[in-house]
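**Q** Dropping the sequence and predicted coords here.
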Amino acid sequence: MPELPEVETVRRGLEPVMAGVKLVHVEQRRANLRFDFPPDFVARLEGRTITALDRRAKYLLIALDSGEMLMIHLGMSGRMTIHPPETEDPTTIGDFHHRQAHYAKHDHVVFHLSNHHHVIYNDPRRFGFMTLISKGGVNSHPLLCDLGPEPLGNSFDADRLAHALAGSTAPLKSALLDQKKIAGLGNIYVCEALHRARLSPFRSAGTLDHHQCEQLTTSIRAVLQEAVAAGGSTLKDYAQADGSLGYFQHSFRVYDQTGHACPTPGCKGHIERQVQAGRSSFFCAICQS
């Protein structure tokens, strides 16, 4: 499933083409994705101008001049790709554009823009969804109201992390994946951040001291920033808005590196894998305590 860096990469790719542009026509090519589309979905979008593209955790938020926001979750296999006008040479448009001759089987929603581009939402597994919410309802929406701070936001620091983990007996990795504590973190980047901070995914979350919280906060920010700069991680279905693949997976220190030598300088350990709460945890038992 796309995590925060992948969703942020898609947002940044869409923004130059969609922000300030009118939705001239919207094609809804099926009745539902994971959930049904909201009532009058197409009518509420057509003719509206996109005023901003934001992200909250793993959700894309597209603000409209009507006061509503289009909320999109990519699910397991959702992609949004930008296609230039057919009269233009795609090689001169820019990195976040490419042409598609006809709609593919799993192209479920097509946004036709006033700048003559169109954006296609493709989702073979249909685990993603789209809905419309009021702009003022962002903080009260059931999927958003209980989310923790953004790990790349100004409000996320060692004190905020320490407060979120205080008293928790849950394994540290499980606590970090709790979206109510920190928004947007997923399995890949938690494994990577814990290794950089030299913290075991199995220790009780509430046992971290302030220094360790500082180390972990720094590691989380660094991993996410590097992943965004790399365009995210491509494992199976994820692609950027131009259809190209992210490449942070080539920088994995522990994720999916079972049996490899630990990359921590001076460490003689090897990367291990254990299933933790139904997910694979990758770690070094020597340098992560």
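**A** Cool, got the structure.
**Q** now the helices: where do they sit in this structure?
**A** The residue ranges that make up the helices of the chain, judged by DSSP state H, are 4-18, 41-45, 158-165, 172-177, 187-197, 210-229.
**Q** Including mean pLDDT and distance to Ile82, could those go into a markdown table?
**A** C-beta coordinates here come from the backbone N, C-alpha and C atoms, glycine included. Supplementary listing: those in a markdown table, determined by pLDDT from 0 to 100; distance: least, Cβ to Cβ, whole Å:
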| stretch | mean pLDDT | distance to Ile82 |
| --- | --- | --- |
| helix 4-18 | 89 | 5 |
| helix 41-45 | 98 | 17 |
| helix 158-165 | 97 | 35 |
| helix 172-177 | 97 | 31 |
| helix 187-197 | 95 | 25 |
| helix 210-229 | 94 | 18 |
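**Q** any chance of the ones you listed in TSV, with distance to Leu152 and mean neighbour count too?
**A** Formatted as TSV, the entries for these read as follows, by distance: least, Cβ to Cβ, whole Å; neighbours: other Cβ atoms under 10 Å:
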stretch	distance to Leu152	mean neighbour count
helix 4-18	8	23
helix 41-45	29	16
helix 158-165	13	18
helix 172-177	15	22
helix 187-197	11	24
helix 210-229	6	18
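**Q** Quick one: closest of these to Ser114.
**A** In this view, these are compared for proximity to Ser114 by Cβ to Cβ, and helix 4-18 is the closest at 10.4 Å.
**Q** Run the chain-centre distance for that closest one.
**A** The chain centroid and the centroid of helix 4-18 are separated by 10 Å, computed with Cα atoms, centre = their mean, to the nearest Å.
**Q** thinking again about what came up before, which one of the helices of the chain lies closest to Pro151?
**A** Ranked by Cβ to Cβ, the member of those that lies closest to Pro151 is helix 210-229, at 5.2 Å.
**Q** quick check: angle from the closest one to helix 187-197?
**A** Using axes from the mean of the first three to the mean of the last three Cα atoms, to 10 degrees, the interaxial angle of helix 210-229 with respect to helix 187-197 works out to 130 degrees.
**Q** Tell me which other helices or strands helix 210-229 touches.
**A** Using 3 or more Cβ pairs under 8 Å, 6 or more residues apart in numbering; DSSP states H and E, the elements in contact with helix 210-229 are helix 4-18, helix 158-165, helix 187-197.
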